[in-house]
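Peer 1: Just to be clear, the model below is a prediction. Sequence and coordinates:
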There are 2 protein chains.
Amino acid sequence: MSRPRVFLVDDHELIRSGIRAEIADHVDLVGDADEVDVAVQMILERQPDVVLLDVHMPGGGGLEVLRRVTPACPQVRFLALSVSDAASDVIGVIRAGARGYVTKNILGPDLLDAIVRVHEGDAVFSPRLAGFVLDAFGTGTALPPGFGVDHELDQLTPRERQVLRLIARGYIYRDVAHELSLSVKTVESHVSSVLRKLQLSNRHQLSNWASERHLL
Amino acid sequence: MSRPRVFLVDDHELIRSGIRAEIADHVDLVGDADEVDVAVQMILERQPDVVLLDVHMPGGGGLEVLRRVTPACPQVRFLALSVSDAASDVIGVIRAGARGYVTKNILGPDLLDAIVRVHEGDAVFSPRLAGFVLDAFGTGTALPPGFGVDHELDQLTPRERQVLRLIARGYIYRDVAHELSLSVKTVESHVSSVLRKLQLSNRHQLSNWASERHLL
DNA sequence: CGCACCATCGGGGGAAACCCTGGTGTCGTC
DNA sequence: GACGACACCAGGGTTTCCCCCGATGGTGCG
């Protein structure tokens, strides 16, 4: 596995430069940002392998970044970085799709290790967090591949899920409508709702989203 | 395509060692097992590309292995291996998700070929089975995903394959054009050719087609 | 009852995708 | 040189997609 391309999001310049100094020799730092909008924009452009993400930031915090990037770029992995070890913070970002969570008292080499492991697909937690994270999701072993958690799928109504499945298979609206005995306009409505709820922008992303979660 | 990582499940040590001898020089044998529980456990751990699976085994048989592994690891492909050529056995494992079925009188080189082809996404059946497998599923074309064999991909010109890859990733025509320094009209041309050659009707089906063959 | 949510359907508009026809030029082969 | 395969581009038309707005019922809840 080659050097991970890492993007850094934190609102404190001091912290950013500290982290840079710790990890710059072993990863490719492809950029950093100190606010949500800029971060989202740059991450989408530069497609890093791993985003180091401060959880507490003005403008929605790391959660907002996660929510806006993940639907469009699910292959970008997030490692949350926070001074807090509050359960709600941890659970929040994990549900939003982060692949790990470490506190800022982590040591440089350990941070590096965490980045590498997230890059390779592992989920990484500070030891004292690991326990209750696993508790929160039931058994630990059920978690791993693809932490994503179907929090998002839960938001959909039954009808929307039904439409989603057909759309994801490549049906055009007309055929979905015929299959479900609906009008095309109704199908459009449902698809719009699904796209809005999953924060996707078109049905191509929807197909990918569905196939990544094996919903076929 | 690199050497497939193969796992072997059969309750007869003799058969296992025979198969090992036949194929060990050309694939990476990452393990074997002689009972269902152990097999499931090890397959989940080692994530082979292809599992050679005996259909008749104590403890539920190969079917049970399929049923327990596939939901967690859909990317693991199964090639069923059996002394039986009974229709019910064949249909059963195919429905459970196996990508192929060969009888044990298969010759070493043919077995090797079958493994490689399953690894590459093809579906493989002993010649005398192919007939009624097709019957059982209606028309041949209803069989896939992954049956039609990649004669289809061979039909495409290099440029068409290049366009295909980008389209399958969800690029819109304009972006494909920009990426390849073409006009949108040229991209349309190529896509049209691809759709016609693959007998698909829109780019969404194309995305699915590509992702089933993991061409990303 | 009011209210929120869901499912259904519609209009209109702009962008994108799809389809067909046809044109150019290059290359290799017969 | 003629022919075919391929890559490239264009015009013009139809369909599909996506988004905005709106409307009607049904259902469940405080």
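Peer 2: Received it, and whenever you're ready, just let me know what you need.
Peer 1: list the buried ones in the host helix or strand of A:V118?
Peer 2: Following DSSP states H and E, one finds A:V118 within helix A:108-119. By 16 or more other CB atoms under 10 Å in any protein chain shown, the buried positions in helix A:108-119 come out as A:L111, A:L112, A:A114, A:I115, A:V116, A:R117, A:V118, A:H119. Placement of C-beta: from N, CA and C, glycine included.
Peer 1: Quick check: residues of chain A near chain B?
Peer 2: Within chain A, the residues that sit near chain B (CB under 8 Å from any CB of the partner chain) are A:145, A:167, A:169-172, A:202-205, A:207-208, A:211, A:214.
Peer 1: farthest pair in those residues?
Peer 2: Within those, A:P145 and A:I172 form the most distant pair, 31.6 Å apart (CB to CB).
Peer 1: Return the residues of chain A in contact with DNA strand C.
Peer 2: Within chain A, the positions adjacent to DNA strand C are A:157-160, A:180, A:182-186, A:188-190 by CB under 7 Å from any atom of the strand.
Peer 1: Would you mind giving the secondary structure of A:D11?
Peer 2: What DSSP: H, G, I helix; E, B strand; the rest coil gives for A:D11 is coil.
Peer 1: Check the burial of A:H12 by counting its neighbours.
Peer 2: By other CB atoms under 10 Å in any protein chain shown, 11 other residues sit near A:H12.
Peer 1: pLDDT averaged over the helix or strand hosting A:R196, what's the number?
Peer 2: Using DSSP H and E, A:R196 maps to helix A:184-198. The average pLDDT within helix A:184-198 is 89.
Peer 1: name the helices or strands packed onto the helix or strand that contains A:N208?
Peer 2: For A:N208, the host element (DSSP H and E) is helix A:203-212. Applying 3 or more CB pairs under 8 Å, 6 or more residues apart in numbering or on different chains; DSSP states H and E, one finds that helix A:203-212 contacts helix A:158-168, helix A:184-198, helix B:203-212.
Peer 1: So what touches the shortest one?
Peer 2: Counting by CB atoms under 8 Å, 6 or more residues apart in numbering or on different chains, the neighbours of helix B:203-212 from elsewhere in the structure are A:167, A:169-172, A:203-204, A:207-208, A:211, B:121, B:144-146, B:164-165, B:167-168, B:170, B:191, B:194-195, B:198, B:200, B:216.
Peer 1: do that again at 7 Å, thanks
Peer 2: Residues outside helix B:203-212 that contact it (CB atoms under 7 Å, 6 or more residues apart in numbering or on different chains) are A:169-170, A:203-204, A:207, A:211, B:145-146, B:164, B:167-168, B:170, B:191, B:194-195, B:198, B:200, B:216.
Peer 1: how would you label A:L81: helix, strand or coil?
Peer 2: Following three-state DSSP, A:L81 is assigned to strand.
Peer 1: Which strand residues bridge it?
Peer 2: Per DSSP bridges, the residues bridged to A:L81 are A:D54, A:V102.
Peer 1: Let me see the contact set for it.
Peer 2: Residues in contact with A:L81 (CB under 7 Å, 6+ apart) are A:L52, A:L53, A:D54, A:V102, A:K104.
Peer 1: Low-confidence ranges, chain A, go.
Peer 2: A:1, A:13-15, A:58-60, A:83-92, A:94-95, A:104-110, A:120-154, A:212-216 (pLDDT under 70).
Peer 1: Contact residues of it facing DNA strand D?
Peer 2: Proximity of chain A to DNA strand D is confined to A:172-174, A:188-189, A:191-192, A:195-196, A:201-204 under the rule CB under 7 Å from any atom of the strand.
Peer 1: export the residues you listed to CSV and tack on neighbour count and distance to A:D11?
Peer 2: CSV is the format used below for these (neighbours: other CB atoms under 10 Å in any protein chain shown; distance: CB to CB, whole Å):
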residue, neighbour count, distance to A:D11
A:I172, 17, 45
A:Y173, 20, 43
A:R174, 11, 48
A:E188, 15, 40
A:S189, 15, 39
A:V191, 20, 37
A:S192, 11, 34
A:L195, 19, 30
A:R196, 11, 28
A:S201, 13, 27
A:N202, 11, 32
A:R203, 23, 35
A:H204, 18, 33
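Peer 1: wait, which of those residues is closest to A:D32?
Peer 2: Nearest to A:D32 among those: A:S201, at 25.5 Å, using CB to CB.
Peer 1: Determine the three-state secondary structure at that closest one.
Peer 2: Taking three-state DSSP as the rule, one finds A:S201 in the coil state.
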